[in-house]
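Chemist: Fold the following.
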Amino acid sequence: MDTYEEALQYIKECTKFGMKLGLDRIREILRRLGHPEQRFRSIHIAGTNGKGSTSALLDSILRQAGYRTGRYNSPHLVTYRERFNVNGEMIAKAQLAQVIEQIKPVLEAVEADGFGAPTEFEVGTAIAFQHFANEAVDVAVVEVGMGGRFDATNVLTPVLSVITHIALDHQEYLGDTLEKIAFEKAGIIKENIPVVVGVQEESVRNFLINIAADRHAPCLAVDEGQLESVTLTEEGTRIRLVNPTYGRLEFQLALHGYHQAHNALGVIAGCEMLNRSGVTVGREALIAGLESARWPSRFERIPTARPLKLYLDGTHNPDGAKALVQTVKTLYPGQKVDLLMGMLNNRPMDEMAGILGEIVRRVITTRVPDPKSASEVELGQEFAKLGIPVTVEPDPAKALAKLLETDNPVAVITGSFYLSGLLRGILLNIGD
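Modeler: Okay, the predicted model is just below:
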């Protein structure tokens, strides 16, 4: 590819092939590329909520420990380049064009030989692994796109697997019960590969532990009893805990919410397991990495010219909505927020509105910049049923302008990462 714009267009063309769960095609692509995924150690992360925060925390800690890291996340917020990071820096435009040029002949040959056209996520996964190999990273932190068992990233043989909190999401693909979804997520648990099981409902926790035992995978389930205190402030989340390996730890995350304390417990457990696998993480690197990690659009404070406390939060399922409500109620007790919301049409609008309605003074509903956007009118109707004043504005930029006119002290933009990404780009004047 001669330019970044041409590279983006090539990737965008792959979206027309939709979602095809399965590993045969990505395995063939990587085989013909010379198995770039085998040229670095990897940590594989699945789960419903907390994957991104967990990957950001682990990436930060490993860099503090002196490792050259890669990190692969999806979706992105304001630029596709966010998906591919080396040592905390996203891929350069010229590098992305170069990697596409490198892998395109293989992608075309695989399609021509009857394996079918690669999907956008398969292309992204190939880009990530090739980029990390080109950059000679020591350890790559790789987030599952969706599910786990048939996700394109599940070609990895990692040094550690992590399963974060599991909740109902993507039921049309993964199943309509926690147990069915847990089965798909558990697909990343491999024979003899250590796994960390994050905070779960008891039945899910036991299910995952049993699968790990069946696959002879050393398993460390997060122990909430390690927590001594969790304090939320506008600056972040202050945590005190006692860990059998690291002793008493006290640190402040820049990330907000009690759920981030659970993510931190999983990350610390992961570091315990990494030490046993030859990836050494000392106490000082652990604390420094936890405190320096940043992860956008997770109750992220956005500065404004007015005395408004404006937050971006990618709350896209009921489990995340509950976490958002808990965070707002703790930081601003008794305070109702103004809400700007848009969501995809595969999410339960009535349930989301019912959860968020507890903290909302008024709501502006809008469209998500994606063909799968839910109707802003129907979303508004769900809030109106709760007696909450609603403004419907289809244009997200105009909806943002209306939100910024509020006389309320606190406002939150939420619903879909596609929406928060678009508006984050407008607010901060960044991105593609």
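Chemist: which stretches of the stretch 151-300 of the chain have low pLDDT?
Modeler: For the stretch 151-300 of the chain, residues meeting the criterion pLDDT under 70 lie at 168-176.
Chemist: quick one, strands of the stretch 201-350 of the chain?
Modeler: Assigned by DSSP state E, counting those that start in this stretch, the strands in the stretch 201-350 of the chain fall at 219-221, 227-233, 236-243, 247-253, 300-302, 309-313, 337-342.
Chemist: Show me what the third one is packed up against.
Modeler: If you count contacts as 3 or more C-beta pairs under 8 Å, 6 or more residues apart in numbering; DSSP states H and E, strand 236-243 packs onto strand 227-233, strand 247-253, helix 258-276. Heads up, the C-betas are built off the backbone N, CA and C, glycines and all.
Chemist: Also the fifth one?
Modeler: Based on contacts counted as 3+ C-beta pairs under 8 Å, 6+ apart, the elements that strand 300-302 packs against are strand 309-313, helix 417-428.
Chemist: nearest to Phe183, of those?
Modeler: Smallest distance to Phe183 across the helices and strands packed on strand 300-302 (C-beta to C-beta): 25.2 Å, for helix 417-428.
Chemist: The closest one vs strand 309-313, what angle?
Modeler: Here the directions of helix 417-428 and strand 309-313 differ by 140 degrees (axes from the mean of the first three to the mean of the last three C-alpha atoms, to 10 degrees).
Chemist: Could you give me the buried positions within helix 417-428?
Modeler: Within helix 417-428, the residues that count as buried by 16 or more other C-beta atoms under 10 Å are Phe417, Tyr418, Leu419, Ser420, Gly421, Leu422, Leu423, Arg424, Leu427.
Chemist: which ones are touching Asn154?
Modeler: The contact partners of Asn154, taken as C-beta atoms under 8 Å, 6 or more residues apart in numbering, are Leu23, His44, Val144, Gly148, Gly187, Ile188.
Chemist: Repeat the analysis, applying 6 Å as the threshold.
Modeler: Ile188 (C-beta atoms under 6 Å, 6 or more residues apart in numbering).
Chemist: got it, and Ala221?
Modeler: Each residue near Ala221 by C-beta under 6 Å, 6+ apart is listed here: Val197, Ile209.
Chemist: can you check Glu120 too?
Modeler: Applying C-beta under 6 Å, 6+ apart, the residues contacting Glu120 are Cys14, Thr15.
Chemist: For burial, what's the neighbour tally of the closest residue to Asn134 other than its chain neighbours?
Modeler: Leaving aside its sequence neighbours, Asn134 sits nearest to Val99 (C-beta to C-beta, 6 or more residues apart in numbering; 7.0 Å). Val99: 22 surrounding residues under other C-beta atoms under 10 Å.
Chemist: can you check Leu107 too?
Modeler: Neighbourhood size, Leu107 [other C-beta under 10 Å]: 22.
Chemist: ok, now the one 10 residues further on?
Modeler: Taking other C-beta under 10 Å as the criterion, the count of residues near Ala117 is 17.
Chemist: The most centrally placed residue in the chain: helix or strand, and which one exactly?
Modeler: Per C-alpha atoms, centre = their mean, the C-alpha nearest to the average position across the chain is that of Gly52, at 3.0 Å. In this structure, Gly52 is located in helix 51-64 according to DSSP states H and E.
Chemist: Ala133 versus Ser42, what's the distance?
Modeler: Separation of Ser42 from Ala133 (C-beta to C-beta, to the nearest Å): 11 Å.
Chemist: Compare those two (neighbour count), which wins?
Modeler: Using other C-beta under 10 Å as the criterion, Ser42 and Ala133 rank with Ser42 on top: 23 against 20.
Chemist: what's the pLDDT at Asn73?
Modeler: pLDDT recorded at Asn73 is 97.
Chemist: Excluding covalently adjacent residues, which one is nearest to it?
Modeler: Counting by C-beta to C-beta, 6+ apart, the residue nearest Asn73 is Glu143, at 4.9 Å.
Chemist: chain center to the strand or helix carrying Gly70, what's the gap?
Modeler: In this structure, Gly70 sits in strand 69-72 according to DSSP H and E. Put simply, strand 69-72 sits 13 Å off its chain's centre (C-alpha atoms, centre = their mean, to the nearest Å).
Chemist: Ile413: what secondary structure?
Modeler: strand (DSSP: H, G, I helix; E, B strand; the rest coil).
Chemist: if I look at the residue nearest to it when sequence neighbours are not counted, how far off is Glu250?
Modeler: Take Ile413 and drop its neighbours on the chain: the residue closest to it by C-beta to C-beta, 6+ apart is Leu340, 4.6 Å away. Going from Leu340 to Glu250 by C-beta to C-beta gives 36 Å.
Chemist: Please identify which of these two sits among more neighbours.
Modeler: More neighbours surround Leu340 than the other of Leu340 and Glu250, with 27 against 11 (other C-beta under 10 Å).
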